[in-house]
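# Quick one, fold the following:
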Amino acid sequence: MKKKKNGNGKNDNLPVAAYTPVRVELNFFRHFIFTLDDKKESDPGNVITITRERAYADGRKVTAKLTVYVDYEYGRCGPFDYRAFRAVEKILTDIHSVNGELREGPIRLGREYSIFKFMGYSRHPSKDDYARLKIFFTRMQRMHFHSDFATFNPIKRRWSEGGEALDPLYKRVVFTYEKMPDDTIADSVYIWLGDFYRESLNRQYIAILDWNYYSSIKNLAARRIYEIISIFSHKHTTVYLWYSDICARMQLTREKYQSKAIYQLQRIYRELINKGFLKAVIWPSQDGKLQTKQTESGNDWIIKFETNKNYRAQLYEQSDLIQHQIQPQQSHPVEAPAQAGILENMLESQGAPNEEIVSDTERIAFPNKEDQRWYRFMKFYIQGCKKISKESYIFPKKDSKEYWKIVELFGLYPETYIKKLMDKFFTTTDSYISKQSYSVSFFLAPTTINKLISELAIDDEKRKAEEDYQRRVAAAEKQILKTLGLPVEQLQK
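Coordinates of the predicted model:
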């Protein structure tokens, strides 16, 4: 079937099963910004911190940190968003093959139904599916990042430093039948890519997956393990990974005992064995060579993955941008430091020329639970009160369902105090409220509210002190009048 071309690589009629590669941006291939747990998807206001500890062959150690700010209104990106994101990257790959470099936008992705086909839908999408697709694009548009040695910029040829702010991956989205910037009506979904993400794709800072094989994997967790192993197996048939590192890269909960950890991951990687990507997966309890103090620490174990080279992903190598320094493969793992994410015989520079990384471990951190009441409040505010009036905050009527939700969040504060707090809060943060989404920047909420509570508490103490002072003055004046034998009414004169 021929590609239906237009000025931007129109792809509505492309066959989904066509054997073509998918170009995946490498920074966000390594850093997993999604959750595979549906229950965590709706968590609002989370600040996710992905920390990597890199140890180099020359003894240097670097801590890399990527902070992901998630939108309050729609929460974190979940399993559906993970599928949609890879489908969009497949469409961008097809556009790139037709037109060469991707431009900022608008980029025509095709109608929503064609995106669903790339996601693997065999049935007609429901109304809920279309709504979820819109939420996916909105989440990606609102999500933003701060990076400290966590992302590599192929244009500047350096790692990000000092908590450098990164553009959202998608700057803008216009859906079918919505108005375009030039006032025309969109005939499909159009997106504008963020500069950092777009330039990484254009400068070939990518991984190349076999889309036909990748999309045949039904279990999304198995797809992610395929990606993780592919990062390290592009030049090897054997990969050693720590159990803790796999959990961090997939945002899985770690098990305490090896037997439970084996059961946890077996259910995921079984499909990869059945489909030929993995030949074998070996745990320390199954191989005496892995049962050493260096490869087992607490509830952490080194796992050996034997892969089939025919299914491995390719990491695109361009000498002036990225070099991968790999030592010769050994028949058994060498002793590795307890904190290592991979053994010393699996080395990768990840974008830093002529530097050997001997370990690369990842940790995931989430917000302080003490701040959750502010997150819950923000979710309620955005989804509830703001729908009543998008121009100003309206305090719910007393004894209404919404009223008790608000009161519950703020404990024993009197209603007048809560009203005053809310009025001041939304006046203070007005400049941070998006006029399109009416969502407040969540990372400001806990700090701002706590600060305002302190200020109002001080104001309240001042008010009480002033009232007490006035009462004492009035009592003293009355006493003076009585002493002088004058009527109390004289005070009003």
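
# and E255, how many residues sit next to it?
E255 sits with 16 neighbouring residues when counted by other CB atoms under 10 Å. All C-beta atoms are positioned from the backbone trio N, CA, C, and that covers glycine.

# Please disregard the earlier target; I meant V22.
23.

# F232 contacts W242, doesn't it?
No. Between F232 and W242 there is no contact under CB atoms under 8 Å: 11.8 Å.

# Compare these two (neighbour count), which wins?
Using other CB under 10 Å, the more surrounded residue of F232 and W242 is W242, with 26 against 23.

# The more buried one and W301 touch, don't they?
Yes. Counting by CB under 8 Å, W242 sits close enough to W301 to count as a contact (7.4 Å).

# Could you measure from K275 over to A222?
9 Å (CB to CB, to the nearest Å).

# Those two - which one has more neighbours?
Set K275 next to A222 and count neighbours by other CB under 10 Å: A222 wins out with 21 against 16.

# got the residue ranges for the helices in the stretch 201-350 of the chain?
For the stretch 201-350 of the chain, the helices defined by DSSP state H, counting those that start in this stretch occupy 211-216, 220-233, 243-250, 258-274.

# buried set for the first one?
It refers to helix 211-216. Of the residues in helix 211-216, 211, 213-215 count as buried by neighbour count, 16 or more other CB atoms under 10 Å.

# cool, and the third one?
Neighbour counts using 16+ other CB under 10 Å place 243-250 of helix 243-250 among the buried residues.

# by contact count, what packs against that helix?
Applying 3 or more CB pairs under 8 Å, 6 or more residues apart in numbering; DSSP states H and E, we find helix 243-250 packed against helix 220-233, helix 258-274, strand 300-307, strand 357-365.

# Just put these in CSV and tack on mean pLDDT and distance to K117.
Formatted as CSV, the helices and strands packed on helix 243-250 follow (pLDDT from 0 to 100; distance: least, CB to CB, whole Å):
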stretch, mean pLDDT, distance to K117
helix 220-233, 88, 18
helix 258-274, 92, 22
strand 300-307, 88, 29
strand 357-365, 56, 33
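
# pretty sure D71 is in contact with T138, am I right?
Yes. Counting by CB under 8 Å, D71 sits close enough to T138 to count as a contact (7.4 Å).

# More neighbours: those two, which one.
Between D71 and T138, D71 has the larger neighbour count (other CB under 10 Å), namely 25 against 19.

# what pLDDT does that one get?
pLDDT recorded at D71 is 75.

# what's across from the closest residue to S244 other than its chain neighbours in the sheet?
Nearest residue to S244 in three dimensions, chain neighbours excluded: D300, at 4.7 Å (CB to CB, 6 or more residues apart in numbering). Under the criterion DSSP bridges, D300 forms beta bridges with S297.

# and D300, what does it touch?
D300 is in contact with 242-244, counting by CB atoms under 8 Å, 6 or more residues apart in numbering.

# picking that back up, looking at the helices and strands packed on helix 243-250, which is closest to T63?
Between T63 and the helices and strands packed on helix 243-250, the shortest separation by CB to CB is 10.1 Å, and it involves strand 357-365.

# give me the number of residues near E306?
15.

# Any idea how many residues pack against Q470?
Counted with other CB under 10 Å, Q470 comes out at 10.

# Also Q204?
Number of residues near Q204 (other CB under 10 Å) recorded here: 15.

# next one: L109
26.

# Grab the nearest non-local neighbour of it.
In space, and not counting its chain neighbours, L109 is closest to V189: 4.5 Å by CB to CB, 6+ apart.

# if I look at that neighbour, how far off is M180?
11 Å.

# Mind listing the shared neighbours of the two?
With CB under 8 Å, 6+ apart, V189 and M180 have common neighbours V174.

# Pick out whichever of these two has more residues nearby.
V189 (24 against 12).

# Verify the stated contact: that one with R172.
No. Contact criterion CB under 8 Å: V189 and R172 do not qualify, at 11.4 Å.

# Looking at the backbone only, give me phi and psi for M119.
The phi/psi pair for M119 (degrees, to the nearest 10) reads phi -80, psi -10.

# quick one: contacts for K171?
104-105, 141, 191-194.

# Looks to me like it is in a helix.
No. Using DSSP: H, G, I helix; E, B strand; the rest coil, the assignment for K171 is strand, not a helix.

# contacting residues around I246?
225, 228, 252, 265, 303.

# closest to N310 among these?
For these, the minimum distance to N310 (CB to CB) is 17.5 Å, reached by I225.

# Okay, the closest one and P168: tell me how far apart.
Taken as CB to CB, the span from I225 to P168 is 27 Å.

# Compare the two (neighbour count), which wins?
I225 (24 against 19).

# List the buried residues of stretch 122-139.
Neighbour-count burial for stretch 122-139 [16+ other CB under 10 Å]: 125, 129, 132-133, 135-139.

# I meant stretch 170-186, not that one.
Within stretch 170-186, judged by 16+ other CB under 10 Å, the buried ones are 170-176, 186.

# Where does R83 fall, secondary structure wise?
Following DSSP states H and E, the helix or strand that holds R83 is helix 79-99.

# What helices and strands are in contact with that helix?
Applying 3+ CB pairs under 8 Å, 6+ apart, one finds that helix 79-99 contacts strand 21-25, strand 107-110, helix 112-118, helix 127-142, helix 211-216, helix 220-233.

# For W211, which residues are in contact?
Shown in contact with W211 (CB under 8 Å, 6+ apart): 19-22, 90, 93.

# need those in a markdown table with distance to F80 and pLDDT, can you?
Output for the contacts of W211, formatted as a markdown table (distance: CB to CB, whole Å; pLDDT from 0 to 100):
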| residue | distance to F80 | pLDDT |
| --- | --- | --- |
| Y19 | 26 | 46 |
| T20 | 23 | 71 |
| P21 | 24 | 84 |
| V22 | 18 | 88 |
| K90 | 16 | 94 |
| T93 | 21 | 92 |
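
# Would you confirm that V68 belongs to a strand?
Yes. Per three-state DSSP, V68 lies within a strand segment.

# and the spatially closest residue to it that is not a sequence neighbour, which of the three is it?
Nearest residue to V68 in three dimensions, chain neighbours excluded: I48, at 4.2 Å (CB to CB, 6+ apart). Recorded secondary structure, I48: strand (three-state DSSP).
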